[in-house]
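Novice: give me the fold of what follows.
(2 chains)
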2 protein chains.
Amino acid sequence: VAATAADIQRTIDTYIATFSATDREAWLALFADDATVEDPVGSEVQTGSEAIGAFWDFVHELSPTVTLHAAGPACIVDGEAAFPITIVNDLGGTLMALDAIDVVTLTDDAKIATLRAYWDMALMHPYEA
Amino acid sequence: VAATAADIQRTIDTYIATFSATDREAWLALFADDATVEDPVGSEVQTGSEAIGAFWDFVHELSPTVTLHAAGPACIVDGEAAFPITIVNDLGGTLMALDAIDVVTLTDDAKIATLRAYWDMALMHPYEA
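Specialist: I've put the predicted structure just below:
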């Protein structure tokens, strides 16, 4: 049985919450064992928990505090979803934002099977809450 | 040379404008010859101008007046893009909206090579401009 829209919405909400809480283990637990992450689109694809965990570590070396904010409704259909987020980086007290859309496919138990994130570092801008 | 972000933004803006103006030919001209359209995700993939034109006709039989509205920034990276839109259907004077995210890949001349649209008819809601 495929994941329901409610299950997928819960995964997306938990993705945003755990990332923002800097809860590495709970965030990693959202991915299927053989999941792939391409974040941003065009970068190297990370496959599996170890590589995705290394990606998390890399992101948090660049910016220890990164929070995600839903920037509109998640669009969920047929076991897939796209959702807009604002990525907020705390650069020494200055909050800088990236507008992003994450696109995911999900397993039947609503784990993330693939994630591709559309954002461009060149378009970072001051964050206005 | 790959399409620039400015070229891709122009294609997205024109996609929204021509669709909203019910300009079938100008809208179709945005696609590469062998383009594929899966709208919504999970529906049959339409390949090539004739099939994509038939998709346009099908949509406009259901709802003669359909307008698209940008619902946030387009996220453009590495020759691909995702952009949030509100699809507004005029159902006999009642405006009903669908929240959607369109995901596209583009040719070097910024034509749409593939389009996948994330939206769910079950989540149609009254439109509030």
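
Novice: C-alpha from now on. contacts and neighbour counts both.
Specialist: Noted.

Novice: tell me the SS of the closest residue to A:Asp109 other than its chain neighbours?
Specialist: Leaving aside its chain neighbours, A:Asp109 sits nearest to A:Ala3 (5.7 Å; criterion: C-alpha to C-alpha, 6 or more residues apart in numbering or on different chains). At A:Ala3, secondary structure determined by DSSP: H, G, I helix; E, B strand; the rest coil is coil.

Novice: how about A:Ala3, what does it touch?
Specialist: Neighbouring residues of A:Ala3 by C-alpha atoms under 8 Å, 6 or more residues apart in numbering or on different chains: A:79, A:106-110.

Novice: buried subset of the residues you listed, written for ChimeraX?
Specialist: The buried residues among the contacts of A:Ala3 can be selected in ChimeraX (16 or more other C-alpha atoms under 10 Å in any protein chain shown) with this line:
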select /A:79,106,107,110
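
Novice: and which of the contacts of A:Ala3 is nearest chain B?
Specialist: The closest of these to chain B turns out to be A:Gly79 (C-alpha to the nearest C-alpha; 8.7 Å).

Novice: against B:Gly42, how distant is the closest one?
Specialist: According to C-alpha to C-alpha, to the nearest Å, A:Gly79 stands 9 Å off from B:Gly42.

Novice: how about A:His125?
Specialist: 35 Å.

Novice: about what we covered before: what's the overlap in contacts for A:Gly79 and B:Gly42?
Specialist: When contacts are counted by C-alpha under 8 Å, 6+ apart, the set common to A:Gly79 and B:Gly42 is empty.

Novice: list the buried residues in stretch A:111-129.
Specialist: A:111-120.

Novice: ok, is the strand or helix carrying A:Tyr15 in contact with chain B or not?
Specialist: Here A:Tyr15 sits within helix A:5-20, counting by DSSP states H and E. No. Counting by C-alpha under 8 Å from any C-alpha of the partner chain, no contacts exist between helix A:5-20 and chain B, the nearest distance being 9.9 Å.

Novice: residues in contact with stretch A:38-48?
Specialist: Contacts of stretch A:38-48 (C-alpha under 8 Å, 6+ apart): A:32-37, A:52, A:55, A:115-120, B:77-78, B:80.
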